[in-house]
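Enquirer: Provide a 3D model corresponding to the input given below.
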Amino acid sequence: MESERSNPCLTCSAQQRCCSQLSGLRLTKDEFEIHFKKHSDGLAIARYEKTFVVSSHNNGPCPHWGKSGCRIYNDRPIDCRLYPYEITRISEKRKAIEITLLNNPGCPEMDSLLMPFEEAKALIEFFCHTVYGQGKPIIIKYIQTRKRSYLFFDRIRARLSKIIEALR
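Expert: Numbers count the residues shown, from 1 in each chain. Just a heads-up that it's a prediction; the model follows:
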């Protein structure tokens, strides 16, 4: 069981929507195998490039989400560790791996959770080397989002998710 000191998300004023409504979590093959493969029935799983992207059906919670928060907090996937940074695009080019990263200003704990960019960069490089190997340089495009525009697009994305779910 995590303490509030080791899991700052436990004090989240948004009821930890990032975990209680799992959507678009990027995983390495190993992270998928270890943490999510046995939960496949309750997840929408896609392969994008060489990563796994998982979402829960009907905007449900992460399978590791419980009444006391994340049950695997100390061993959570890299994409979870990065939050409130979000990987929005990964593209393998001939000469490099390009990643677009943004910060989620909708996170009410962003000031306390947002790690220094150099730490985030190291996690992203580890993620990329795990997925794509050591051969190509990694180009990170960091976009600092403003709250108003991000929340507008977040609302549109939520509406599109509902429409897509209704069409299934």
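
Enquirer: helix, strand or coil for residue 102?
Expert: strand (DSSP: H, G, I helix; E, B strand; the rest coil).

Enquirer: what's the burial count for the residue nearest to it when sequence neighbours are not counted?
Expert: Nearest residue to residue 102, sequence neighbours excluded (C-beta to C-beta, 6 or more residues apart in numbering): residue 143, at 4.4 Å. Yep, even glycine has a C-beta here, placed from its N, CA and C like the rest. By the criterion of other C-beta atoms under 10 Å, residue 143 has 11 neighbours.

Enquirer: next one, pLDDT for residue 143 please.
Expert: Note on residue 143: pLDDT of 85.

Enquirer: let's number from 245 now, not from 1
Expert: Okay, residue one is now 245; in that scheme the one you just asked about reads as residue 387.

Enquirer: thought it was touching residue 345?
Expert: Yes - using C-beta atoms under 8 Å, residue 387 is in contact with residue 345, at 7.1 Å.

Enquirer: quickly list what's touching both of these two.
Expert: residue 332 (C-beta atoms under 8 Å, 6 or more residues apart in numbering).

Enquirer: what are the ranges of the strands in this protein?
Expert: Along the chain, counting by DSSP state E, strands occupy 269-271, 287-292, 295-300, 309-310, 313-314, 329-336, 341-347, 382-387.
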